[in-house]
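In: Coordinates only, no sequence provided:
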């Protein structure tokens, strides 16, 4: 009885622990989804604001907004391209590591640009625009180089695979088009075999008789039919004496040896 109570208590605690674990996982997943949605919404708002400032404002404020917008657009596009390509090409992991190091410099530059947007001393900010523009171009060019290299690599693999597939399809199509009709042959030609000594000759069914049997076989049926029609006009043929059975039936058989007496 006590063992059953202990087992039921263990099962109860196991189910409770499993429920707590599942609840925590669901909450964390929901939190990540909410955070992702909030970050995406914040990013969209910031991009829209920067685009409006770069087009609507001039001077230092418009220049800073344009630099931030160019930096954020290039870095985001490169990140999406590398993360999408690394799932199919493991060699992009090193490029992704390099991009993470580049992202640290990009975030630092974005924070500097954001801080300078709130700087009241516009003359001092204007003096730093040359350096800020150089840093931005350097980071964006590096990001663009990684992105285009990854895209060129993926396109090259796709072209090679398509070329190989096209060659295989051409070979298969050519093989399918090579059809031919076998030449018609006389089936009787393949069934030829030498007859036994006591069997009928192969040509007997078609009216052909070996020379050794020509005399013993007598006249052909055609000759008999013709002879029947002209029976009244011609004399009956002479009687044919039977051949000695001891004689050889075929030319290649040995002749009978004479009996010897002591």
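Out: Structure received. Since this is a predicted model, take the numbers as computed values, not measurements. Residues are numbered from 1 along each chain as shown.

In: the helices in the stretch 51-200 of the chain, which residues?
Out: Listed in chain order, the helices of the stretch 51-200 of the chain (DSSP state H, counting those that start in this stretch) span 59-86, 92-117, 122-177.

In: low pLDDT regions in the stretch 151-262 of the chain?
Out: Within the stretch 151-262 of the chain, the segments meeting pLDDT under 70 span 180-262.

In: meant to ask about the stretch 1-150 of the chain
Out: Looking at the stretch 1-150 of the chain by pLDDT under 70, you get 1.

In: switch to 50 and redo it
Out: Applying pLDDT under 50 to the stretch 1-150 of the chain flags no residue at all.

In: if we can go back for a sec, now for the helices of the stretch 51-200 of the chain, which one comes closest to residue 52?
Out: Taking Cβ to Cβ as the criterion, helix 59-86 is the member of these that comes nearest to residue 52, at 8.2 Å. Where you see a C-beta, it was placed from the backbone N, CA and C, and this is true even at glycine.

In: Buried deepest among the helices of the stretch 51-200 of the chain, which one?
Out: helix 59-86 (a mean of 18; mean count of other Cβ atoms under 10 Å).

In: between that helix and helix 92-117, how many degrees?
Out: 160 degrees (axes from the mean of the first three to the mean of the last three Cα atoms, to 10 degrees).

In: coming back round to it: looking at the helices of the stretch 51-200 of the chain, which is nearest to residue 25?
Out: Nearest to residue 25, of all the helices of the stretch 51-200 of the chain, is helix 59-86, at 23.5 Å by Cβ to Cβ.

In: Run through the neighbouring helices and strands of the closest one.
Out: Applying 3 or more Cβ pairs under 8 Å, 6 or more residues apart in numbering; DSSP states H and E, we find helix 59-86 packed against helix 2-56, helix 92-117, helix 122-177.

In: Show me this protein divided up by domain.
Out: Following automatic domain parsing, the chain resolves into domains at 1-56, 59-166.

In: end to end, how far does the longest one reach?
Out: It stands for domain 59-166. 56 Å (Cα to Cα, to the nearest Å).

In: returning to that earlier point: could the helices and strands packed on helix 59-86 go into CSV alongside distance to residue 85?
Out: Formatted as CSV, the helices and strands packed on helix 59-86 follow (distance: least, Cβ to Cβ, whole Å):
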stretch, distance to residue 85
helix 2-56, 21
helix 92-117, 5
helix 122-177, 5
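
In: Could you point out which of those helices sits nearest residue 81?
Out: helix 122-177 (4.8 Å).

In: Between helix 92-117 and the closest one, find me the angle.
Out: 150 degrees.

In: helices or strands next to helix 122-177 in the packing?
Out: Looks like helix 122-177 contacts helix 59-86, helix 92-117 (3+ Cβ pairs under 8 Å, 6+ apart).

In: Dump the ones you listed to CSV, plus distance to residue 142.
Out: Below are the helices and strands packed on helix 122-177 laid out as CSV (distance: least, Cβ to Cβ, whole Å):
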stretch, distance to residue 142
helix 59-86, 9
helix 92-117, 6
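
In: Identify whichever of those helices lies nearest to residue 157.
Out: helix 59-86 (10.2 Å).

In: Return the angle between stretch directions for that closest one and helix 2-56.
Out: 140 degrees.

In: on that earlier part again, CSV for the helices of the stretch 51-200 of the chain, including distance to residue 25?
Out: Converted to CSV, these look like this (distance: least, Cβ to Cβ, whole Å):
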stretch, distance to residue 25
helix 59-86, 23
helix 92-117, 27
helix 122-177, 33
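
In: Figure out which of the ones you listed is closest to residue 32.
Out: Nearest to residue 32, of these and by Cβ to Cβ, is helix 59-86 at 16.1 Å.

In: Now do residue 153 against residue 86, distance only.
Out: 11 Å (Cβ to Cβ, to the nearest Å).
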